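Q: Mind looking at a prediction? Sequence and model below.
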Amino acid sequence: MNKHKIHIAIIEPSSLVYEGISNILLKSGMYIQIFRIDSVSELSHYSKSESFDFVLINPMCIQNKIREFATLRKCFPDVCWVGLVYNFYEPQLLSNFNFLIQITDNTDTILDAFHRQIHLQEDGQSMEHEQLSEREVDVLRLITQGLSNKEIADKLNISIHTVISHRKNISQKTGIKSQSGLTIYAISNKIISLEDFAGV
Amino acid sequence: MYQINKLYVRPELKLSDLLLENPNLLLMMEHFSLNSIVQEMSVDQFCCKNNLRTGVFIAIANLYNGFQNTGKDLFTEKDIEVIIGFLSNCHRYYKQEKYPEIKSLIAQLYQTNTTAEVKLVEQFFNDYFEEVLEHLSYEESIAFPYFRNLLQSKSEALTESHFSVLEYGDHHSDIESTLSDLKNLILKHIPIQTDFVVRRKLLLSLCELEFDLKIHQSIEELILMPLIAKLEKKPNRE
């Protein structure tokens, strides 16, 4: 429903630490939802139903479960794994994480680390709020005519993969996936006229 | 797993406190056919008085409060009938309350913003709801009777039914994304000049529908289907 909401799971046995880090994150102004999870094995139950952006783990919880943790990482390929460190751990154990939060870190340091990571992820995709590119508008026009990906590819002389990737970007930028929804979008934004649509 | 924005429902909590914190729970109670004054009763007392297993109430109330129940064995086959009753009441709410409400709001919007776009939105919603109705009637005419037969260990349940777990799941996928399209269109793209009050009501109503549909789907996928799968495997059935 909220595709830009950042989902954060926290696996931390200490309530004090859990409440503390949750509070810092909730007050950061980031659009987040926090889930508390009791164990690494509980997290694996969610591999199909939930998608998390960040999982914060006390390294203690994976110390003797390196194998289980490795499997888990495969179930959640897009998650950023964050270690919540307040004891000494072997560097090798800590190398399992994308970045670490130390108990002595101040609020800014912690939030900076999250912001950096979020920017990295966003750079990979095209940013929202952007206008559709000329090519995307071409694809959109053909979508509203009810053409299949294959037909669009043939018409524009591009590969089906490119069409699919354009469609993905269009949906991301407009927030609309269905053909009829996109048609209404195109009419509202004067990309096609009502007559074009009626002529289909 | 627990989220921190809403209360985690427990048997000893006062029902009225929970309802004041999340009024959506009142809708949930309607779905359970629990239509009585809650007085000062705790969740447990209220359920006992109304012959509903507290565990069922709590698990579903927690879904409404944003917590996904994790325990696998929270439910038994004795709960199936109650859950089917709950889902059937949800259907009534969609068909008799939500659908006419949204339809009339779109019509109101069209009266003051007579544009082709609003007309198309109406069409879009009608097509969408057609799909929803199809899914609901599939559940009512095929899935629910199949579950009930299974419960009574009727052997014809397996041979004569056209039910399939896969198909059941398939129906869900599109329903959600279309609602989100609709919300985005109304909020961002449809040129509306006046009557923003109607637009707000429309958006809220769509969100309410979406929220309840989502929970409806969670109940089917996380609670009902595992129970049915267990029933199907039961060895002593003829």
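A: That came through, no problem.

Q: so is residue A:84 in a helix, a strand, or just coil?
A: strand (DSSP: H, G, I helix; E, B strand; the rest coil).

Q: which residues in chain B form helices?
A: For chain B, the helices defined by DSSP state H cover B:15-21, B:24-31, B:43-49, B:54-64, B:80-92, B:99-112, B:116-138, B:144-151, B:156-160, B:165-184, B:196-218, B:225-233.

Q: Mean neighbour count and distance to chain A added to the ones you listed, as JSON lines?
A: Glycine gets a C-beta too; all of them are placed from N, C-alpha and C. Conversion of the helices of chain B to JSON lines gives the following (neighbours: other CB atoms under 10 Å in any protein chain shown; distance: least, CB to the nearest CB, whole Å):
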{"stretch": "helix B:15-21", "mean neighbour count": "16", "distance to chain A": "18"}
{"stretch": "helix B:24-31", "mean neighbour count": "19", "distance to chain A": "15"}
{"stretch": "helix B:43-49", "mean neighbour count": "17", "distance to chain A": "22"}
{"stretch": "helix B:54-64", "mean neighbour count": "21", "distance to chain A": "12"}
{"stretch": "helix B:80-92", "mean neighbour count": "18", "distance to chain A": "18"}
{"stretch": "helix B:99-112", "mean neighbour count": "16", "distance to chain A": "13"}
{"stretch": "helix B:116-138", "mean neighbour count": "17", "distance to chain A": "5"}
{"stretch": "helix B:144-151", "mean neighbour count": "19", "distance to chain A": "22"}
{"stretch": "helix B:156-160", "mean neighbour count": "12", "distance to chain A": "27"}
{"stretch": "helix B:165-184", "mean neighbour count": "16", "distance to chain A": "3"}
{"stretch": "helix B:196-218", "mean neighbour count": "17", "distance to chain A": "7"}
{"stretch": "helix B:225-233", "mean neighbour count": "14", "distance to chain A": "12"}
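
Q: Residue A:131 is nearest to which of those?
A: helix B:165-184 (16.0 Å; CB to CB).

Q: Chain B - how does it break down into domains?
A: Using automatic domain parsing, the domain ranges for chain B come out as B:15-69, B:77-233.

Q: Of the ones you listed, which shows the lowest average pLDDT?
A: Mean pLDDT is lowest for domain B:77-233 out of these, coming in at a mean of 86.

Q: Off-centre distance for that domain?
A: Relative to its chain's centre, domain B:77-233 lies at 7 Å (CA atoms, centre = their mean, to the nearest Å).

Q: got it, and stretch B:59-68?
A: The answer for stretch B:59-68 is 12 Å, by CA atoms, centre = their mean.

Q: quick one: terminal-to-terminal distance for it?
A: End-to-end distance for stretch B:59-68: 8 Å, by CA to CA, to the nearest Å.

Q: ok so, going back, could you dump the domains of chain B into TSV with distance to residue A:166 added?
A: Listed next are those as TSV, based on distance: least, CB to CB, whole Å:
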stretch	distance to residue A:166
domain B:15-69	35
domain B:77-233	18
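
Q: Quick one, which of the ones you listed gets closest to residue A:139.
A: domain B:77-233 (17.2 Å).

Q: Quick one: end-to-end distance for the closest one.
A: Domain B:77-233: ends 13 Å apart by CA to CA.

Q: cool, and stretch A:7-18?
A: End-to-end distance (CA to CA), stretch A:7-18: 15 Å.

Q: So which bits of that stretch are buried?
A: Buried residues in stretch A:7-18, counting neighbours by 16 or more other CB atoms under 10 Å in any protein chain shown, are found at A:7, A:8, A:9, A:10, A:11, A:12, A:17, A:18.

Q: Filtering the residues you listed by proximity to chain B, which remain?
A: Among the buried residues of stretch A:7-18, the ones lying near chain B by CB under 8 Å from any CB of the partner chain are residue A:9.

Q: Looking at the buried residues of stretch A:7-18, which are in helices?
A: A:17, A:18.

Q: quick check, nearest of the buried residues of stretch A:7-18 to residue A:160?
A: Closest to residue A:160, out of all of the buried residues of stretch A:7-18 and judged by CB to CB, is residue A:7, at 31.6 Å.

Q: follow-up on the earlier one: just the buried residues of stretch A:7-18 now: which is nearest chain B?
A: Using CB to the nearest CB, residue A:9 comes nearest to chain B of these, at 7.8 Å.

Q: what pairs with that closest one across the strands?
A: When bridges are called by DSSP bridges, residue A:9 pairs up with residue A:35, residue A:55.

Q: ok now do it, which residues does it touch?
A: Contact analysis of residue A:9 by CB atoms under 8 Å, 6 or more residues apart in numbering or on different chains lists A:34, A:35, A:36, A:37, A:43, A:46, A:50, A:52, A:54, A:55, A:56, B:1.
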